[in-house]
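1. Pasting the sequence and the predicted model now:
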Amino acid sequence: MTEPDTQRALVRLEADGDSDAEELDRLARRLRAELGELDVDLLPVAAELPPGAKGADPVTIGSLMVAFSAAGGVFPGLVDTLRDWLGRQAGKHKIKVTIDGDTVELERATTAERQQLIDAFVRRHG
């Protein structure tokens, strides 16, 4: 996606406290697969590993950059997909979406609370 109207959002999955790195990796793979069905490009988030490290840290495992067209209503669909995905999960996971330094945190809130947050965020970036 190289069009000039392309936006990028950093999507970061934060698994609940009972999840280990293996569980976070499994959740992140499922989320990536679902986002891959949208009209977006999924890009890895590179992180520098400290000397002697054997793998990525949990923040990197649960993070990806999503590039999408600013036109055509792609962003609201992305947010809806993230919200729906969270609603189907058993744990108390969170997803943070950051665009241009503006972050919204999606988690298990009431439907009305989530919708108010999402509507405000989409108005700013959609």
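-> Happy to help now that I have it.
2. Can you tell me, leaving aside adjacent residues, what's nearest to L13?
-> Excluding the flanking residues, the one nearest L13 by C-beta to C-beta, 6 or more residues apart in numbering is G62, at 3.7 Å. Quick note: C-beta positions are derived from backbone N, CA and C, even for glycine.
3. Tell me if I'm right that the one you found and L10 touch.
-> No - using C-beta atoms under 8 Å, G62 is not in contact with L10; the gap is 11.0 Å.
4. what about the strands in this structure?
-> For the chain, the strands defined by DSSP state E cover 6-14, 41-44, 63-69, 94-99, 102-106.
5. quick one, helices of the protein?
-> 21-35, 58-61, 74-87, 111-125 (DSSP state H).
6. now those helices in JSON lines, with mean neighbour count?
-> Putting the helices of the chain into JSON lines (neighbours: other C-beta atoms under 10 Å) gives the following:
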{"stretch": "helix 21-35", "mean neighbour count": "15"}
{"stretch": "helix 58-61", "mean neighbour count": "17"}
{"stretch": "helix 74-87", "mean neighbour count": "17"}
{"stretch": "helix 111-125", "mean neighbour count": "14"}
